[in-house]
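**Student:** next input, structure requested:
(2 chains)
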Number of protein chains: 2
Amino acid sequence: MTAETPPQQGRTAARRGRPSQPTILDVAALAGVSKSAVSKVFNNRPGISEATRVRILDAAGKLGWSPSASATALRGERTRTIGLVLGRDADLLTADPYFAELIAGMEQELGPPGYGLQLHLVGDDFVREEEVYERLARERRVDAFVLTESRIGDSRPALLRRLHVPGLLVGRPWQREHAEGLHYLHTDEDLHGITEAVEHLIGLGHRSLAYVAGPDNRVHTVLRRRAVEDTLARHGLRAHSVIPCGFGNATAAAVTERLFAPGAEPPTAVLYPNDTMALTAIATLTRLGLRVPEDVSVVGYDDLALGVWLHPRLTTVSQNVQDIGRVAALRLLAVLGEDVPDPGRPPAPHLVVRESTGPVTGPATGPVTGPATRAPGTPAQGSLRDNP
Amino acid sequence: MTAETPPQQGRTAARRGRPSQPTILDVAALAGVSKSAVSKVFNNRPGISEATRVRILDAAGKLGWSPSASATALRGERTRTIGLVLGRDADLLTADPYFAELIAGMEQELGPPGYGLQLHLVGDDFVREEEVYERLARERRVDAFVLTESRIGDSRPALLRRLHVPGLLVGRPWQREHAEGLHYLHTDEDLHGITEAVEHLIGLGHRSLAYVAGPDNRVHTVLRRRAVEDTLARHGLRAHSVIPCGFGNATAAAVTERLFAPGAEPPTAVLYPNDTMALTAIATLTRLGLRVPEDVSVVGYDDLALGVWLHPRLTTVSQNVQDIGRVAALRLLAVLGEDVPDPGRPPAPHLVVRESTGPVTGPATGPVTGPATRAPGTPAQGSLRDNP
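**Tutor:** Numbering: from 1, shown residues only, chains lettered A, B, ... in the order given. Next comes the predicted model:
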């Protein structure tokens, strides 16, 4: 976590186009009355005509002003709204429950102090995305933003600095120096889960692991890929293949079909970048006549609700997405001056072994590939994208 | 659709605690300048000192006012935010992608004209739910609300009337007279899809159908149940069982295990109230040693993304949830005076036949039950709830 406080507001902010917060003097000026008249109305004291009372209430309403009694002072000046702008297509959002889990976790903490989440889906149009951030900041619609999916060359931290709106990134910033002023949620143990997954498969006798890597413009996919390759290297192994690709179900099916195509030397285990892709892959393997885990072991990532219910139950890296959402919300509320408990760090991702992984029992549709005896296979050369 | 226009705002509204919209005169009053000075600043005309310009911009910002050039006049006075308050637990929201689909559809239409969706999850605490509606209305955080999941005895239409905020219900109101002032999305063909599903199963030779009915306090679950029973009756059949229950995965597994418990006379086909429950049921049947569709046919509802990818591919009632979200958003934008195309009606739900239904091939674990030869079985008596 960085230690920045939210940007100061007032005259300086007004000069930059962000108006200062309304005061009781503004209400009095707008209603054409004295400050004490406003005070009387809000303290239910007598001596104000009904017409004046209505005018004062109307002015306060227009300005969004309410009496600033101690703790409510700061809150009264806020929108109590957090912005979440997702650079995702609507289709992809619904295909992967990650965001629903994250939002659900955030809502658990935002709800009680009366905060709401304002959601914008902008697809992968970065220009449109920046416009949305700018408009929400200009119109003072939100107190802060939550950012997800840290990107290589991410322009959003600089944008938020320019807009003077606090932001919290769920994940690791692309480069620390570029994330100046940005709060972020990250534990040094983030890569523990994916490392455990690779160790688990090696422990089961797998020597030929394929890694479906997700989009290569995301910081977390790049870091996880490196952790997979480093872990394999520590055991003298190389990946059967590493496949950068999009996050969709169609991609998961296509990648899986290519890995296990007739004539290919298939891996004995495949790691997918999220649970939905892993579940799609299991169904694809079933259609190809392969059994999970007897012929192929499959590992997902996220530990979403459905994985534990389907058959076989999914082995996956649990990252407690709802907990991450909860911690993110509490951190932001603290940044905004709310009196909330310190949530600590979100739990580190860890492997949950269920039924979709098992020992190598023999060749699937080809011979088991020994350690480092062959270069990464053909699939590593290609890149399937449905979400560049 | 009802034909109400949104409630008039102005003096009357101010008396009830909702301030009238700010005007250029308010900006001038607050800044202590003339109306023409405000006009000059916003039209970039000369003759205004820098100090005055800053004061005017600050006043306009505080009031949330912007110049009312023809079409933007109305918009400038709005928050351009739609409220969506979901009476669901976070867990359930993430277990069922319905809401992610609905939100994704709405965002497609809300985004371009610069609207956002403000989301609140309040669990099944109706008191807290009403408080959220009241606060959002009082603080003028939203221009309108979208309501989902029409309930028996729904209090929200009356609440919105009292709050003078327009609302659009996705679904059929509990009682038309109680929904006065509420816009709603409903086609008379809503029940076409579930009727098709029952006809499809009867056409495949099924005579013993179980209906997992969902919570019995929702209007749509009650109507669908009636449609199932009416369709069966037209063929001289009664349901093997009708099971009111919650929407969760654990419920889906438990209901399925009970229907196919040792010694029970099982149905040959089961209809579930959503896809996630149907997918969980297929996995549960697989664990029980039953094949889908050879031993049991399974039908879902919603046609969500994952159903087409898993194995077997899910037969389901498609209701194009994203389209419903799109139409709902466009209808609300029209209510709010935005110039948007008439979206027409959302497509009627219809059956999509895939791989999880097939002809009756013989007894599953017991004899096929003939038409109307037995009363609904034991499961109909109980009610499993994880989301009352």
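**Student:** the residue most central in space within chain A: what's it in contact with?
**Tutor:** Centroid check for chain A by C-alpha atoms, centre = their mean gives A:Thr148 as the closest residue, at 3.6 Å. With contact set as C-beta atoms under 8 Å, 6 or more residues apart in numbering or on different chains, A:Thr148 has these partners: A:84, A:86, A:99, A:102, A:169-171. C-betas here are computed from N, CA, C, even on glycine.
**Student:** buried ones among those?
**Tutor:** In those, burial by neighbour count holds for A:84, A:86, A:99, A:102, A:169-171, counting by 16 or more other C-beta atoms under 10 Å in any protein chain shown.
**Student:** for those residues, give me JSON lines that also has pLDDT and distance to A:Ala51.
**Tutor:** Listed next are the buried ones among the contacts of A:Thr148 as JSON lines, based on pLDDT from 0 to 100; distance: C-beta to C-beta, whole Å:
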{"residue": "A:Leu84", "pLDDT": "93", "distance to A:Ala51": "43"}
{"residue": "A:Leu86", "pLDDT": "86", "distance to A:Ala51": "48"}
{"residue": "A:Phe99", "pLDDT": "83", "distance to A:Ala51": "50"}
{"residue": "A:Leu102", "pLDDT": "89", "distance to A:Ala51": "50"}
{"residue": "A:Leu169", "pLDDT": "93", "distance to A:Ala51": "51"}
{"residue": "A:Val170", "pLDDT": "92", "distance to A:Ala51": "51"}
{"residue": "A:Gly171", "pLDDT": "88", "distance to A:Ala51": "55"}
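**Student:** sorry, back to before: which ones among the contacts of A:Thr148 map onto strands?
**Tutor:** A:84, A:86, A:169-170 (DSSP state E).
**Student:** out of those, which are close to chain B?
**Tutor:** Applying C-beta under 8 Å from any C-beta of the partner chain, the subset of those adjacent to chain B is empty.
**Student:** now, the most widely separated pair of those residues?
**Tutor:** Across the ones in strands among the contacts of A:Thr148, no pair lies farther apart than A:Leu86 and A:Leu169, at 13.4 Å, counting by C-beta to C-beta.
**Student:** so how far is chain B from A:Gly358?
**Tutor:** From A:Gly358 over to chain B the distance is 16 Å, taken as C-beta to the nearest C-beta, to the nearest Å.
**Student:** likewise A:Trp309?
**Tutor:** The value you get for A:Trp309 to chain B, if C-beta to the nearest C-beta is used, is 4 Å.
**Student:** count the neighbours of the residue of the stretch 51-200 of chain A found nearest chain B for me.
**Tutor:** Nearest residue of the stretch 51-200 of chain A to chain B: A:Gly61, at 2.6 Å (C-beta to the nearest C-beta). The number of residues packed near A:Gly61 is 22, by other C-beta atoms under 10 Å in any protein chain shown.
**Student:** please name every helix or strand in contact with the helix or strand hosting A:Leu330.
**Tutor:** Assigned by DSSP states H and E, A:Leu330 falls within helix A:321-335. The helices and strands touching helix A:321-335, judged by 3 or more C-beta pairs under 8 Å, 6 or more residues apart in numbering or on different chains; DSSP states H and E, are helix A:98-110, strand A:144-148, strand A:167-170, strand A:183-185.
**Student:** how about the helices in the stretch 1-150 of chain A?
**Tutor:** For the stretch 1-150 of chain A, the helices defined by DSSP state H, counting those that start in this stretch occupy A:11-15, A:24-31, A:35-42, A:50-63, A:72-76, A:90-95, A:98-110, A:126-138.
**Student:** roughly how far is the third one from the heart of the chain?
**Tutor:** Okay, so that is helix A:35-42. Relative to its parent chain, helix A:35-42 has a centroid offset of 45 Å by C-alpha atoms, centre = their mean, to the nearest Å.
**Student:** re earlier: helix or strand next in line after the helix holding A:Leu330, which one?
**Tutor:** Following helix A:321-335 in sequence order, the next helix or strand is strand A:350-352 (DSSP H and E).
**Student:** so how far is that next one from its chain's centroid?
**Tutor:** 19 Å.
**Student:** who's in contact with that strand?
**Tutor:** A:192-193, A:196-197, A:200, A:303, A:315-318.
**Student:** same question, stretch A:282-290
**Tutor:** A:252-253, A:256-257, A:260, A:291-292, A:295-296, A:298, A:310, A:312, A:314, A:356, A:364-365, B:309-311.
**Student:** show me the residues you listed that map onto strands.
**Tutor:** Using DSSP E, those in strands are A:Val298.
**Student:** what distance do you get for the residue of chain A positioned farthest from its centre to A:Lys35?
**Tutor:** Relative to the centre of chain A, the most outlying C-alpha is that of A:Gly47, 54.0 Å out, by C-alpha atoms, centre = their mean. For A:Gly47, the distance to A:Lys35 equals 14 Å [C-beta to C-beta, to the nearest Å].
**Student:** quick one: the helices in the stretch 151-300 of chain A?
**Tutor:** Assigned by DSSP H, counting those that start in this stretch, the helices in the stretch 151-300 of chain A fall at A:156-163, A:192-203, A:219-234, A:249-259, A:275-287.
**Student:** which parts of the shortest one are buried?
**Tutor:** Of the residues in helix A:156-163, those buried by neighbour count under the rule 16+ other C-beta under 10 Å are A:156-157, A:159-161, A:163.
**Student:** ok, the second one next?
**Tutor:** Of the residues in helix A:192-203, those scored as buried under the neighbour-count criterion (16+ other C-beta under 10 Å) are A:192-198, A:200-202.
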